[in-house]
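*Asks:* Predicted model and sequence follow; I will ask about them next.
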Amino acid sequence: MKELFLKTFCGNTAIALADTNPPEELGLFSKTFYGNTVVDWLQSAAIIIAAVVVGKLIYWLIGKTIKRMAAKTKTQVDDILVDMAEEPFVLGIVIAGIWYGLHILTLSDAAQKVVNGVIEALLILDGAWLVTRMFDALVREYLVPLAHKTESELDDHIVSIVRKGVKISVWIIAIIMAMDNAGLDVYSILAGLGIGGLAFALAAKDVVGNFFGSIAIFLDKPFKVGDRIQVCGFDGVVTDVGLRSTRIRTRYEGRIVAIPNQSVTEANIVNVDTEPGRQIFAVYRLTPDMDDEQVSQAMELLKSIVQADPDTQEKVVSGFFAITEYSRDIMLLYWIKPEASNLKTRTRINLQIIRQFKKHNIELVKANPIHAKVDEVDLL
């Protein structure tokens, strides 16, 4: 290459090679920088640039030919493999071009060792990128849809954990190998990381506890998304169960509350939606002048009103359980369907009781009203 370059500029190769003092116009190209002439450096740069151009060309060819060929097949595996491999493959070509471009230079043993180590480290990281891209794409295409089809949410979270765990493991191994090939003292670094990891583990114990708490929730299944639960002093509907916290929307305020999973697993959980129906018990104190027929009529009215409501269950109990000088006490016990609104159902029933009692001249004892607290009233 040097002879050809000199011939091009001098027109006389023999004189150019034999002359220890080349013409003035060749002085810059004959100068040596770090053991290599300007011509050597230009040649190295040309090879690296050519590798980048070749990589771009191959990337374009893959999109125009191989991808189209893969799209014509019945299976999706080849499409995924080609799509995930093209970028790492092109990057590998560029890295190889950089290695060859630097390899033609005359470098010291130490510099050559550093270059080889860095190139090998880049190739290892490129390989890790290729493996994780393919693995993630295959899991996303095949395992995630299968997990979504099942009723349990445990497999969805297991797939997510395995997916992230494999990717992190591959990258950790690749980084350790890359550091070792780059000439770094991996054992000293790992020892330092071990001490730092211990400190980090102590600081992140709550994070670890919440993670295992989420696993306990998925395995034990005390509730699922959409259930109304009472836990840690909150009453609301579960909107999300994550790896760190469980989120519920409170019933009255409508706020989202994130409760750490560790606290959820350690607390007493009441799953309100597991009850077969909301039990309602009420006492009606009739005036003492009501005779037996009117008391019996009042009990029958209560039963018929509740049984006629579409949101109550079939079982209805009424009875005459107390006689005092001030009242004749009858009771009513019924159950509202789980999916029904307690407030709306009780409102309909109470209004109908008022109408029927008034129609049949059934009077209640007049007493000082007792106001219930808002948080004691079941609104939904």
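*Replies:* Yep, it's here. Model, not experiment: these values are computed from the prediction.
*Asks:* any idea which helix or strand of this structure has the worst average confidence?
*Replies:* Confidence across the helices and strands of the chain bottoms out at helix 13-18, with a mean of 39, counting by mean pLDDT, DSSP states H and E.
*Asks:* Check which helices and strands the helix or strand harbouring Val53 sits against.
*Replies:* Using DSSP states H and E, Val53 sits within helix 38-61. If you count contacts as 3 or more C-beta pairs under 8 Å, 6 or more residues apart in numbering; DSSP states H and E, helix 38-61 packs onto helix 27-30, helix 77-103. Bear in mind the C-beta positions are built from the backbone N, C-alpha and C, glycine included.
*Asks:* one more time with 10 Å
*Replies:* Packing partners of helix 38-61 (3 or more C-beta pairs under 10 Å, 6 or more residues apart in numbering; DSSP states H and E): helix 2-10, helix 27-30, strand 32-33, strand 36-37, helix 77-103.
*Asks:* tell me the angle it makes with helix 77-103.
*Replies:* With axes from the mean of the first three to the mean of the last three C-alpha atoms, to 10 degrees defining the directions, helix 38-61 sits at 180 degrees from helix 77-103.
*Asks:* now the strand or helix carrying Gln294: mean pLDDT?
*Replies:* Secondary-structure assignment from DSSP H and E places Gln294 in helix 292-308. For helix 292-308, mean pLDDT is 93.
*Asks:* could you point out which element follows that helix?
*Replies:* Taking DSSP H and E, what comes next after helix 292-308 is strand 312-323.
*Asks:* okay, and for the stretch 201-350 of the chain, where does confidence drop off?
*Replies:* Counting by pLDDT under 70, the stretch 201-350 of the chain has low-confidence residues at 201-205.
*Asks:* residue boundaries of the strands in it?
*Replies:* Counting by DSSP state E, counting those that start in this stretch, the stretch 201-350 of the chain has strands at residues 228-231, 234-241, 245-250, 256-260, 270-271, 278-286, 312-323, 328-336.
*Asks:* Now do the first one: distance to the chain's middle.
*Replies:* Pointing back at strand 228-231 there. 23 Å (C-alpha atoms, centre = their mean, to the nearest Å).
*Asks:* same thing with the fifth one?
*Replies:* What separates the centre of strand 270-271 from the centre of its chain is 25 Å, taken as C-alpha atoms, centre = their mean.
*Asks:* What is the burial count for the nearest residue to Val82 once chain neighbours are set aside?
*Replies:* Leaving aside its sequence neighbours, Val82 sits nearest to Ala70 (C-beta to C-beta, 6 or more residues apart in numbering; 4.9 Å). By other C-beta atoms under 10 Å, 18 other residues sit near Ala70.
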